[in-house]
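*Asks:* Provided below for reference: sequence and predicted model.
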Amino acid sequence: MIRQRNTQTSLEVLRPLPIFAGWSDTELATLALTADVLWVRPSFTLLREGVLPYEFFVLLNGEAVISTGGNLIGVVGRGSLVGAETLLAGLPSQVSAVTAGAARVLAFGPRAVEQLEQRADHAELLHAV
């Protein structure tokens, strides 16, 4: 895994994602300050069932396989939010999320959850995965 702090390109990365369509440049810039860009290998674990995550993720490209108890639930792709609800609730994850191939993701910590909570019009997005 390669982790890189976001730079000026953050707005260009976030703006096209459907979940941020209604956000102003100022809101996106503030949110982007809390994110790291990760380049991950195939089969990289984003969420582990039964474990409280420290971060949540937005898939910039690639896919993640979502499962519980070893059973496939589905596959999510570009623009998907992974782990926000679990982090927000402060509970262990009920699912595992593993990249299906190499992927690029934005990793957000607890400060980003606070910003998302303040956006009532986007609260439902926290329940994606």
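*Replies:* Cool, the structure landed. All of these numbers come straight from a predicted model, not from anything done at the bench.
*Asks:* please enumerate the helices of this protein.
*Replies:* 10-14, 25-32, 84-89, 110-117 (DSSP state H).
*Asks:* so which of those helices is nearest Asn61?
*Replies:* helix 10-14 (10.5 Å; CB to CB). (Glycine included, C-beta is placed from N, CA and C.)
*Asks:* who does the closest residue to Gly83 other than its chain neighbours form a beta bridge with?
*Replies:* Of all residues not flanking Gly83 in the chain, Phe56 sits nearest, at 3.9 Å (CB to CB, 6 or more residues apart in numbering). Counting by DSSP bridges, Phe56 forms beta bridges with Phe108.
*Asks:* ok, Phe56 touching Leu81?
*Replies:* Yes. The criterion here is CB atoms under 8 Å, and Phe56 meets it with Leu81 at 6.6 Å.
*Asks:* between these two, who's got more neighbours?
*Replies:* In terms of neighbours (other CB atoms under 10 Å), Phe56 is the more surrounded of Phe56 and Leu81; the figures are 27 against 22.
*Asks:* what's near enough to touch that one?
*Replies:* Taking CB atoms under 8 Å, 6 or more residues apart in numbering, we find Phe56 in contact with 81-84, 86-87, 107-108, 112-113.
*Asks:* ok, now Asp25?
*Replies:* Contact partners of Asp25, counting by CB under 8 Å, 6+ apart, are Leu11.
*Asks:* that older thread, quick check: pLDDT value at the residue nearest to Gly83.
*Replies:* According to the prediction, Phe56 has pLDDT 87.
*Asks:* give me the distance between it and Ser93.
*Replies:* Separation of Phe56 from Ser93 (CB to CB, to the nearest Å): 10 Å.
*Asks:* find residues that contact each of the two.
*Replies:* Both Phe56 and Ser93 are contacted by 83, 86, under the criterion CB under 8 Å, 6+ apart.
*Asks:* and stretch 68-81, what's buried?
*Replies:* Applying a neighbour-count criterion of 16 or more other CB atoms under 10 Å, one finds 76, 80-81 buried in stretch 68-81.
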